[in-house]
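Chemist: I would like the atomic coordinates for the input below:
(2 chains)
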Amino acid sequence: MRNLFELALVLGQQEKGLGALGAGIGYGAAAIGPGIGIGYVVGNAITAMARQPEAAGMVRTTMFLGIAFTEALALIGFVVFILLKFT
Amino acid sequence: MAMLGALSFPPIEELLEWKDMFGIPGFNKVSLLCVLSSLIVIVFFLMAGRRRELVPRGVQNIAESTVEFVENSIIMQTMGPQGLYWLPFLLTMFTFLLVANLFELVPVIQFPATARMAIPFPLAMFVFVLFIAMGVKRQGVGGYLKATLVPPGVPKGLYVLVVPIELFSTFLMRPFSLAVRLFANMLAGHLLLVTFALLSAALFTKSIMIVLLPLPVAMLVAVTVFELLVAVLQAFIFTILAAVYIGEAMNPQH
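Modeler: Okay, here's the model as predicted:
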């Protein structure tokens, strides 16, 4: 932990390095929650489709909607990554 | 790793910023792709509708299945039969976004027009203004605000908490996430393709490192197939979210 802090201090002299460190850690952290969330959404959608194959079309549409809402968080993390890394 | 000397990831400006074309200031590759995808959509539907036959063939067949896809998978699932009024708008939006996204995989062009915020953002703002206008038209200003900000069945004490959250999520987060979702997906796909293409090019040498070449090439093929899926899916998701937002503004209890 202390080593990481010292590394951050050294990198802090060049703020680009600190930005890159923050970008990498930030994007990694931002991908955890949506990953779990999309897993839940798709898993439950598959359960629903297996139980009622005749409702598969409706379930699929709703599943894509759920994925889209969950995924937005990860994508905002990606945008923050781009902003921190490249600007 | 010294063998990988040829590998240098270009700065992001080189991947995303384009020079002006035809001497018109501000008219660059992205604008050209935008105009091109509009033209492709217009020509496609004009060709399909030029000779209407009872048994569709060729272009007419593709166009009819596209219309049916938008009608059955997007409008019927989210807005119901009364949403068919919006079919032309959503169909145009879907096909335009589909063509603009698929430019990502067309050789020589290889840049999705939607990977710059200039294309998704106005579209998202258009949808935003449209669903607010629809809500106000159907329910009046007060009724629309009440239907949006106060979900039914919430105890009065929680209004302090619920109303700001709904305000934030409807009027700020919706247009923002609609635009960012499309933009970031296409940008991420473009960067992935660039990364593996550069890696393949850097390994294409006369040294021993060439034994590693199949790895990035296989990955490039896999990512290309994945991006084909993403391009279609993002056009679909943008359109279906627009349909959901407009449908919700028309029928609040839905």
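Chemist: Enumerate the residues of chain A near chain B.
Modeler: In this structure, chain A approaches chain B at residues A:57-58, A:61, A:64-65, A:68-69, A:71-72, A:75-76, A:78-79, A:82, A:86, judged by C-beta under 8 Å from any C-beta of the partner chain. Any C-beta I mention is one placed from the backbone N, CA and C, and that applies to glycine too.
Chemist: Can you tell me which of those residues end up in strands?
Modeler: With strands taken from DSSP state E, there is no overlap with the residues of chain A next to chain B.
Chemist: Kindly write the ChimeraX command that selects the buried subset of those.
Modeler: The following ChimeraX command selects only the buried members of the residues of chain A next to chain B, with burial defined by 16 or more other C-beta atoms under 10 Å in any protein chain shown:
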select /A:61,64,65,68,69,71,72,75,76,78,79,82
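Chemist: Could you list which of the residues of chain A next to chain B belong to helices?
Modeler: Judged by DSSP state H, the subset of these located in helices is A:57-58, A:61, A:64-65, A:68-69, A:71-72, A:75-76, A:78-79, A:82, A:86.
Chemist: Strands of chain B, start to end?
Modeler: Taking DSSP E as the test, none of chain B falls into strands.
Chemist: In it, which helix is the longest?
Modeler: Selection of the longest helix in chain B by residue count, based on DSSP H, yields helix B:214-250.
Chemist: which of the residues in it are buried?
Modeler: For helix B:214-250, the neighbour count (16+ other C-beta under 10 Å) marks B:216-217, B:220, B:223-224, B:227, B:230-231, B:234-250 as buried.
Chemist: One more: stretch B:169-179?
Modeler: Using 16+ other C-beta under 10 Å as the burial criterion, the residues of stretch B:169-179 that qualify are B:170, B:174-175, B:177-179.
Chemist: right, is it up against chain A?
Modeler: Yes: Stretch B:169-179 is in contact with chain A by C-beta under 8 Å from any C-beta, via residue B:177.
Chemist: Run through who's touching that stretch.
Modeler: Counting contacts by C-beta atoms under 8 Å, 6 or more residues apart in numbering or on different chains, the residues outside stretch B:169-179 that touch it are A:69, A:72, A:76, B:117, B:120-121, B:123-125, B:127-128, B:148-149, B:238, B:241-242, B:245.
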